[in-house]
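Peer 1: Requesting a structural model of the entry that follows:
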Amino acid sequence: MGDMSEKLDYRRLFAGAPVALLVLDPDLVIVEANDAFVTGAMSTREALVGRPMFDAFPDNPQNPAANGVATLGASLQRVRTELVADIMEILRYDVPQPHGGFDHRWWSPVNVPVLGADGRLRWIIHRVEDVTEWVRAGQAGDERIQAETYARLRLQERQEVLEAVVDSLDVAVVGSDANGMPVLFNDAARTLIGERIAEMPAAQWGAHLHLHHPDGRPIGDDLPLLRALRGEPVRDAEVIRRTPDRARRVFRVHSRPVDGLSAVAAVVAIHEVTEARRAARLHECELAVAKVVAAGGTDEQVLGEAVRLIGTLIGWDQVELWTCDDTAGLPRLTARWADPVDGAVSGLELATLACERRRPIVEPSALAVPLPSGPEVLGVLVCRTAAADIPEDVSAGLVGGLAPAVGLFLARLRAERLTTELDRAHDQYIALAGHELRTPLTTIQSYTDLLLDEPGLTDDQRHMLTAIERNAAGLRAVVLKLLDVAALRSGRLDMSIQPADLAAIVRDAAAGSDHRIRIDTPATMPIDGDPARLRQAVEELLANARTWAADGSGVDVRLSADRHTTVLSVSNQGQPVRDEERDLLFDLFYRGADARRRGVPGSGLGLSLARAVVEQHGGHSPSTSRRTGPPRSRSASRTAGRQADRPSRCGTTV
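Peer 2: Modelled structure (predicted):
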């Protein structure tokens, strides 16, 4: 006949059920009522749904002895707090009539809890049977006797109905006697514990079912059901089932002692929350790994902690991070976590396969996830478990959440390494080019000087040799400045650090200029630095300001300091710096569009040299601020720290 469950309309089935059913939420508000209940209550579904239970069905005010609200309320409260079904005795509960007044009714109620996926109460099913006619039929005799007789006759039927309801639950329910032997249990409990559940006392559950506390301790006599037998109610206890060669399962357990029943001394409800807990752990792990990456540290520390978190929070037995080595062509083990440590197994083969195929490799007990960056694979996470299979939600969480976070960190490390290598290669190239140029330039200058000393040179010959000498000297100056920048940037140039007066250095540099310079400096500005290099930086700033000053305008120089910082500002009157060029002014060889368009002479090394000098003195170069008018350029020198009353370092920018 095939699977007919997809064709069933459960709402219609509920509405047409032959017994009267009412659905309440945990606040005892009516959620739904089927046709049989609506008919028996002489009402409509619209008049009932959304109303509190006892607003819709109050006690009969004409009956001073009416206690239906109190009796039914006590039963519903027991269902809410203890999450157990409650079979009530026959209850007189008069029903309001549509046109006023109350109809005297007798009912046989049963209240049953319905739990959600998280093990918490979602609804209460209130099932009633109208036994009014049966009770009235026996009014010639004793109503109380008639009611009790009917209750005894119906007790077995109700028990069978209750067992059927409990068997339909996903939650495993077990009731045990005072010795811990199961005497009541539903189908879910039989599936969880085994077909021989009736023969297995609760004291054996811990060892037989491989039950553990969340911290890994085995469960023994602290099993929730055994605690309930000792009189201790237990709610929301977490129990882990660690069956060998199987994925771990997580359960939320409630247990409580039962008073007044000789056969049942305690009851336990066991709800599996494995998937929900795995989702929570995956989210927790993603946040923890993100915090580790953001906190920084050495590469080994960050990657090692990330691998440990993935292993411990998600429940792997082993996690490895392999980084792909472009030179060797094989993955290289970068970090490993294993439990136990001596049980580690190399994942090189899986990592190599994931690198080659550029996609996750899934095996029954292992998972290899590549960490891509564009078309390249930067590394592979290899995770192992003793279980026979890996849950799909765990694989998806690792591939979609954790692996990209670790991959981004690897990509950042790679970018930083490549940037460092590029800067190093750049400086090495500059130094090499400078050295290679300096030697032939020295030869050209020497031979030119010798030729100029020769007698009998014509005017044209002397003019040509003078041009060669002048251009060679200019080129040699550029080469020497280039070598200075390269040496300063790489830290290979020794500086003569000594007490110096920066104010005097600034005044001396300005005095040697043929341009009108306005100076605002204190009488002295003591600083620890290399006087010659500081003078060189000031001269480069002044030269740049003079080059770009408007015709007839001057250059302003200001020097100031506080306890920790020295600031040198050089400004002029001129056109504002272009927005797109502002952050490029100190780059090596950079010359702006105006300089190229107007043919302004220069090598693009002056400001780079000034910045290199300042950085070697512990300072920095703040970005140039755009101005709609003058000044044209501005440089600031900052220092951190003091020696006595003297700033120990200085820095500059334009």
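Peer 1: for this structure, what helix or strand is lowest in average pLDDT?
Peer 2: In the chain, no helix or strand scores lower on mean pLDDT, DSSP states H and E than strand 642-643, which sits at a mean of 32.
Peer 1: tell me the SS of the residue of the chain most remote from its centre?
Peer 2: In terms of distance from the mean C-alpha position of the chain, G456 ranks first, at 84.0 Å (C-alpha atoms, centre = their mean). Classification of G456 using DSSP: H, G, I helix; E, B strand; the rest coil returns coil.
Peer 1: give me the low-pLDDT residue ranges for the stretch 501-650 of the chain?
Peer 2: For the stretch 501-650 of the chain, applying pLDDT under 70 flags the ranges 512, 514, 580-606, 620-650.
Peer 1: one more time with 50
Peer 2: Low-confidence segments of the stretch 501-650 of the chain (pLDDT under 50): 623-650.
Peer 1: got it, and the stretch 1-150 of the chain?
Peer 2: By pLDDT under 50, the weakly predicted segments of the stretch 1-150 of the chain are 1-2, 4-5.
Peer 1: any chance you could map the strands in the stretch 101-250 of the chain?
Peer 2: Taking DSSP state E, counting those that start in this stretch as the test, the strands found in the stretch 101-250 of the chain are 102-103, 106-115, 121-130, 172-176, 182-185, 211-212, 234-241, 249-257.
Peer 1: Could you list every helix and strand in contact with the fourth one?
Peer 2: In terms of contact count using 3 or more C-beta pairs under 8 Å, 6 or more residues apart in numbering; DSSP states H and E, strand 172-176 is assigned the packing partners strand 182-185, helix 187-193, helix 224-229, strand 266-272. Every C-beta, even on glycine, is put in place using the N, C-alpha and C of the backbone.
Peer 1: For the shortest one, which strands pair with it and how are they oriented?
Peer 2: Neighbouring strands of strand 182-185 in its sheet, by DSSP bridges, are strand 172-176 (antiparallel).
Peer 1: what number of residues lie near A387?
Peer 2: A387: 19 surrounding residues under other C-beta atoms under 10 Å.
Peer 1: brain fart, P526
Peer 2: 17.
Peer 1: unless I'm mixing things up, it is touching A504, no?
Peer 2: No - under the criterion of C-beta atoms under 8 Å, P526 is not in contact with A504, lying 10.1 Å apart.
Peer 1: picking that back up, want to throw the helices and strands packed on strand 172-176 into CSV with mean neighbour count and mean pLDDT?
Peer 2: Shown next, in CSV, are the helices and strands packed on strand 172-176 (neighbours: other C-beta atoms under 10 Å; pLDDT from 0 to 100):
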stretch, mean neighbour count, mean pLDDT
strand 182-185, 19, 84
helix 187-193, 18, 87
helix 224-229, 23, 93
strand 266-272, 24, 91
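Peer 1: TSV please, covering the ones you listed and showing distance to A306.
Peer 2: Compiled in TSV, those are given as follows (distance: least, C-beta to C-beta, whole Å):
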stretch	distance to A306
strand 182-185	44
helix 187-193	36
helix 224-229	36
strand 266-272	30
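Peer 1: check contacts around the residue nearest to the spatial centre of the chain.
Peer 2: Centroid check for the chain by C-alpha atoms, centre = their mean gives L287 as the closest residue, at 2.9 Å. Contacts for L287 (C-beta atoms under 8 Å, 6 or more residues apart in numbering) come out as none.
Peer 1: Then A117?
Peer 2: Here A117 is in contact with V273, A276 (C-beta under 8 Å, 6+ apart).
Peer 1: From R281, how far out is it?
Peer 2: With distances taken as C-beta to C-beta, to the nearest Å, A117 is found 17 Å from R281.
Peer 1: and if you look at L21?
Peer 2: 39 Å.
Peer 1: same deal with P26?
Peer 2: Per C-beta to C-beta, P26 is found 28 Å from R281.
Peer 1: Out of the two, name the residue with the larger neighbour count.
Peer 2: Set P26 next to R281 and count neighbours by other C-beta under 10 Å: R281 wins out with 17 against 14.
Peer 1: Could I get the contacting residues of that one?
Peer 2: Going by C-beta under 8 Å, 6+ apart, R281 touches L313, I314, G315.
Peer 1: Repeat that for L353.
Peer 2: Residues in contact with L353 (C-beta under 8 Å, 6+ apart) are I361, A368.
Peer 1: check which helix or strand covers it.
Peer 2: Using DSSP states H and E, the element containing L353 is helix 348-357.
Peer 1: What residues of that helix count as buried?
Peer 2: By neighbour count on 16 or more other C-beta atoms under 10 Å, the buried set for helix 348-357 is L348, L350, A351, T352, L353, A354, C355.
Peer 1: Which of those residues sits closest to P375?
Peer 2: The nearest member of the buried residues of helix 348-357 to P375, counting by C-beta to C-beta, is C355 at 12.5 Å.
Peer 1: Does that closest one touch P331 like I think?
Peer 2: Yes - between C355 and P331 there is a contact under C-beta under 8 Å: 5.8 Å.
Peer 1: Mind putting the contacts of R281 into JSON lines with distance to V31?
Peer 2: What follows is these, written out as JSON lines (distance: C-beta to C-beta, whole Å):
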{"residue": "L313", "distance to V31": "38"}
{"residue": "I314", "distance to V31": "38"}
{"residue": "G315", "distance to V31": "38"}
